[in-house]
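> Test case, fold it:
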Amino acid sequence: MTDGPFYPPAPWRAQWSDWDADLTRVAAAAGGTWVARGEHLGLALAVLDTRGRAIDGAEVEIWQCDTLRSYRHPDVPRQPAQQGTSFDPGFQGFGAARSNSRGEVSFRTIRPVAYPGRTPHIHVKVRHVEFGEWTSQLFVAGEAGNARDFLWRSLPPEDRAALEMRLAKPPPGAAAAAPAAADAPALAWAARHELVVPA
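Numbers count the residues shown, from 1 in each chain. Predicted structure coming up:
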């Protein structure tokens, strides 16, 4: 799939350092931290090739809209100008991390929400010297809006199965997929998903 219109370009990201694996906390300009609205999701990914081998050191990026259906992008200000702003200042909107020796990488984000014309989804991009760059989207398994989504409908059934995230309620006291601050809200959802990239 393509990057789409809301992929935040690298020169713009370079002006702001907060693009870690926890998308649910953003440092406020005046000090303190904003926390993302929405249902927090622990997203554990494994990067594998088509032979089932784990890919170590893959750069994994995710991006998605916030609960107000806004993306973090040059068209959106970094700090809210006033109350009632049209984006969530506590949601990074984009995060990046590298896979470990088992191909694993973890993020803390929010359960994706729908916006006009699209079913809930999370964009994902993976880079590695072995295969170059791979870009796709993860969809929520069983989401009613999938059947109305033009990208979902264009996928062959086998590709749909490979891009469905299965969300589950985490066990009580379960640790977040990505490290979280001590005062972080409890996770509402957890998902483990394999990203199968070209061999």
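> What's the end-to-end length of stretch 122-137?
This stretch, stretch 122-137, spans 5 Å end to end (Cα to Cα, to the nearest Å).
> Revised request: answer the last question for stretch 8-25.
Span of stretch 8-25 from end to end, Cα to Cα: 18 Å.
> That stretch - what's its average pLDDT?
Throughout stretch 8-25, pLDDT has a mean value of 89.
> just to confirm, which helix or strand has the residue sitting nearest the centre point of the chain in it?
The chain has Ile62 as the residue nearest its centroid, 3.8 Å off, counting by Cα atoms, centre = their mean. If you go by DSSP states H and E, Ile62 is part of strand 59-63.
> Mind giving me the packing neighbours of that strand?
Other elements packing on strand 59-63 under the criterion 3 or more Cβ pairs under 8 Å, 6 or more residues apart in numbering; DSSP states H and E are strand 40-49, strand 94-98, strand 104-110, strand 121-128. From N, CA and C alone the C-beta is placed, and that goes for glycine too.
> Distance-wise, check the residue nearest to the centre of the chain relative to Asp3.
Look at Ile62 and Asp3: by Cβ to Cβ, to the nearest Å, they are 12 Å apart.
> got it, and Glu158?
Counting by Cβ to Cβ, the separation of Glu158 from Asp3 is 23 Å.
> So, low pLDDT: which residues of this protein?
77-85, 173-182 (pLDDT under 70).
> can you give me the strands for it?
In the chain, the strands defined using DSSP state E lie at 25-27, 33-35, 40-49, 59-63, 94-98, 104-110, 121-128, 132-140, 164-165, 189-197.
> Out of these, which one sits most buried?
Among those, strand 104-110 has the highest mean neighbour count (mean count of other Cβ atoms under 10 Å), at a mean of 24.
> Need the contact partners of it.
Residues from elsewhere that reach strand 104-110 (Cβ atoms under 8 Å, 6 or more residues apart in numbering): 21-24, 36-47, 54, 58, 60, 62, 64, 66-67, 91, 95, 97-99, 122, 176-180, 184, 187.
> what's near enough to touch the residue nearest to Leu155 when sequence neighbours are not counted?
The shortest distance from Leu155 to any residue other than its chain neighbours is 7.1 Å, reached at Leu163 (Cβ to Cβ, 6 or more residues apart in numbering). Neighbouring residues of Leu163 by Cβ under 8 Å, 6+ apart: 136-139, 155.
> what about Leu163, distance to Ser17?
Distance, Leu163 to Ser17, by Cβ to Cβ: 30 Å.
> now swap in Gly93 and tell me
Noted for Gly93: a distance of 14 Å to Ser17, by Cβ to Cβ.
> Same question for Arg108.
As judged by Cβ to Cβ, Arg108 and Ser17 stand 17 Å apart.
> got it, and Asn100?
Between Asn100 and Ser17 the distance is 22 Å, computed by Cβ to Cβ.
> So which of those two has more stuff around it?
Shown here are Asn100 and Ser17; by other Cβ atoms under 10 Å, Asn100 has more neighbours (15 against 8).
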